[in-house]
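Q: Just a sequence and a predicted model for now, questions to come.
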Amino acid sequence: MYPAKEARELAILLRISRELDIVGDVSAQIDNPSELIAWVAILRNPAVVAWRAEGSGHRYLQVTADHRRAPVRGRIAAVLACEQHREFWQALGLDDLRPRESRALTTAELRNAWDVMPITPLGREESPPEPPADESSESVAASADG
């Protein structure tokens with residue numbers, strides 16, 4: 001899903017600005033659990049909540065904290081959509097969470113769930129592909145032997 005035209009335009013303006021000072025609430029949509037862990041590490045006294053949407057039942061993890069110094073003075077929220085991260089959701093023991101329900105989590109629970117995540121995604125046990133042989137390196141090796 002692509003952001004609306006206005007959101008893209010504002011994002012460009014924010015990126016090219018020399019300095020930012022935001023007074024008010026800020027929400028960030030993040031892409032993976034490691035980014036959520038980073039937000040937890042940076043924010044002071046974060047609240048972590050897992051919740052399910054009412055209509056769709058989609059799963060979300062949210063980290064929020066009050067922030068009182070530049071560049072943001074207000075409430076900061078980072079939200080991770082967890083439909084693509086079901087292993088992480090399961091590692092947090094959230095399988096029984098039903099639509100319209102939420103559950104508070106600790107930052108330690110997030111870190112522990114991240115620690116037990118497999119390095120290779122489930123169902124992907126094969127080795128990475130070998131790089132193609134470089135013909136020039138083979139001819140150099142052959143000339144060194146002969």
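A: Cool, the structure landed.

Q: only C-alpha atoms for contact and neighbour calcs from this point on.
A: Fine.

Q: residues touching the residue most central in space within the chain, list them.
A: Central residue of the chain (C-alpha atoms, centre = their mean): N32, 2.5 Å from the mean position. N32 is in contact with 80, 85, counting by C-alpha atoms under 8 Å, 6 or more residues apart in numbering.

Q: try E83
A: Counted by C-alpha under 8 Å, 6+ apart, E83 has contacts 58-60.

Q: Now do the phi/psi pair for R103.
A: When quoted as degrees, to the nearest 10, the phi and psi of R103 stand at phi -150, psi 130.

Q: mean confidence score for stretch 85-102?
A: In this model, stretch 85-102 has an average pLDDT of 96.

Q: Kindly report the same for stretch 48-58.
A: 96.

Q: Endpoint to endpoint, that stretch covers what distance?
A: Start to finish, the residues bounding stretch 48-58 are 17 Å apart (C-alpha to C-alpha, to the nearest Å).

Q: who's in contact with it?
A: By C-alpha under 8 Å, 6+ apart, stretch 48-58 touches 59-64, 81-83, 94, 97-107.
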